[in-house]
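1. What follows is a predicted structure for the sequence shown.
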Amino acid sequence: MTGSGIYSGVAADRRPDPYAALYRSVFPRDPAWLFVLGPALAVALGLFLGLAAVPFAVVVLVPAPLVLTLLVVRGRSLWQAQEALMWPSLIYTDQWRREFGGSPPRTPRRAQEWLEKHPAGSVPPATRAGMLLTAGRLDDAREAISNLPSDSAHDSHRRLDLELALDAKEGRPLDTTAANDALRADDGTPQVERELHLAYHAALLAVDRGGDGIAPLTAARAAAGRMPSGYRRRILAWRYRYVGGALAVGAWLIAALLVGMATSGGVVWF
């Protein structure tokens, strides 16, 4: 997939952007507040109850991560759809890092900053066209895309993908036929990536027609087989990021409390 999710945003008119709608379906809003607020409330409760050291640590370190773990597991029906989007996105991110360094811009502001540092002619035209889309500069993106080559199957695939993203940004009904045909003809893209990308197109089309796009992504991920171990670890770390964050915040709060009590002459529980 070329820059999975990088073109998501609000369509030019009031018609919903299928890219953004698909990502809302596959990645529901996370309770990010819980990994900070949970341990903080636990500290307050432990102090209020006057708990000794071990019970206090248990109250601070266990409940919030446990609740967050249960929330992660409860959403396991979406895991395969998430992986179907994240796998190609990780490939794209690694390619970007090798070529440009850092992570690809995924917001209009960051894309505009990147464009200012990389004027026309200094980067591949297709990359610049994609960043123009991400920045929301649709007229400039349309002109840049129209000038892209389509001599090879790979060039045609990249150009039609960008045209598809532009259609979504401009609020037009999606037609993935040409982009799918170009993708199937692109022998330079590994088979697994092609199948996941085709599922991505199918999901976008389903969302554009009022569905949620989950089914084609789930089916494609199941058929893709074993993911490279490095990507599995990165997705696992992402999936449980708030669990780890809650543990880190809890441990930091306990340490800060102990240091504060020690420096103020207070009594530490032992």
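-> The structure has been received and is ready for your questions.
2. When you work out contacts or count neighbours from here on, use the C-alpha atoms and nothing else.
-> Noted.
3. Can you give the domain ranges for this protein?
-> Per the record, the chain has its domains at 18-28+75-235, 34-74+240-263, by automatic domain parsing.
4. host element of Ala219?
-> Element membership of Ala219 [criterion: DSSP states H and E] is helix 214-224.
5. Format the domains of the chain as TSV; extra columns: mean neighbour count and mean pLDDT.
-> As requested, those are exported to TSV (neighbours: other CA atoms under 10 Å; pLDDT from 0 to 100):
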stretch	mean neighbour count	mean pLDDT
domain 18-28+75-235	18	94
domain 34-74+240-263	17	88
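6. tell me the contacts of Pro125?
-> 144, 148 (CA atoms under 8 Å, 6 or more residues apart in numbering).
7. same thing but at 10 Å, please
-> 131, 144-145, 147-149 (CA atoms under 10 Å, 6 or more residues apart in numbering).
8. so what's Asp155 closest to, chain neighbours aside?
-> Spatial nearest neighbour of Asp155, excluding adjacent residues (CA to CA, 6 or more residues apart in numbering): Pro149 at 6.1 Å.
9. same question, Thr218
-> Thr218's closest residue in space is Ala81 (CA to CA, 6+ apart), at 4.6 Å.
10. For whichever strand or helix holds the one you found, which helices and strands make contact with it?
-> Counting by DSSP H and E, the element that carries Ala81 is helix 79-100. With contacts defined as 3 or more CA pairs under 10 Å, 6 or more residues apart in numbering; DSSP states H and E, the packing partners of helix 79-100 are helix 18-26, helix 191-208, helix 214-224, helix 229-239.
11. Please name the residues that touch Ala42.
-> Here Ala42 is in contact with 48, 56-64, 250 (criterion: CA under 10 Å, 6+ apart).
12. quick one: it and Pro63, what's the gap?
-> 8 Å (CA to CA, to the nearest Å).
13. How about Thr107?
-> 34 Å.
14. Over to Ala182?
-> For Ala182, the distance to Pro63 - CA to CA - is 51 Å.
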